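S.K.: What follows is a predicted protein model with its sequence.
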Amino acid sequence: MSRCFRRRALSSPEALYLLLASWPYTCDASGRLKVWLFGWLALSWPGTMMLAFVARRNFRGSICIELALNTFGFAWLMFGSVECWEAEDCVDQAPLLFWFAFVTTILVWATLILTMFCLIVTTVLFVLLK
């Protein structure tokens, strides 16, 4: 079992707990944030299991599924970011749900931006120093 798979499988119980613990709380965007968290759960462990199942049988199919999951995951990240941005009273009325979604989206965006920046700097340095 790969390290990435174990990390995703271990993060799902915490997210499921957050979803269940924040279920009774309501705010202006609580329904959409709960849907976002449920989608995050669906993209994590079941997506990895589906990809591993297909990869055992068909490599080309696993590449297509990986591309589809990455595309859908990026769209889901944008959806979560917009919902956090538009939430007005969730900070006070559903803090556990809001802060988890907010911190998760901020960390993922920061990681993506830092990765792209390092890739561009490495490429420029490689071209200039060659």
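M.R.: That came through fine.

S.K.: Go ahead and confirm Phe98 touches Glu88.
M.R.: No: the pair Phe98 and Glu88 fails to qualify as a contact (Cβ atoms under 8 Å) at a distance of 10.4 Å. C-beta coordinates here come from the backbone N, C-alpha and C atoms, glycine included.

S.K.: And these two? Which one has more around it.
M.R.: Comparing Phe98 with Glu88 by other Cβ atoms under 10 Å, the one with more neighbours is Phe98, at 23 against 10.

S.K.: Quick check: which ranges of the protein have low pLDDT?
M.R.: Low-confidence segments of the chain, defined by pLDDT under 70: 1-11.

S.K.: in stretch 40-49, what's buried?
M.R.: When burial is assessed from 16 or more other Cβ atoms under 10 Å, stretch 40-49 yields the following buried residues: 40-41, 43-45, 47-48.

S.K.: again with stretch 24-42
M.R.: Within stretch 24-42, the residues that qualify as buried by neighbour count (16+ other Cβ under 10 Å) are 25, 27, 29-30, 32-34, 36-37, 39-41.
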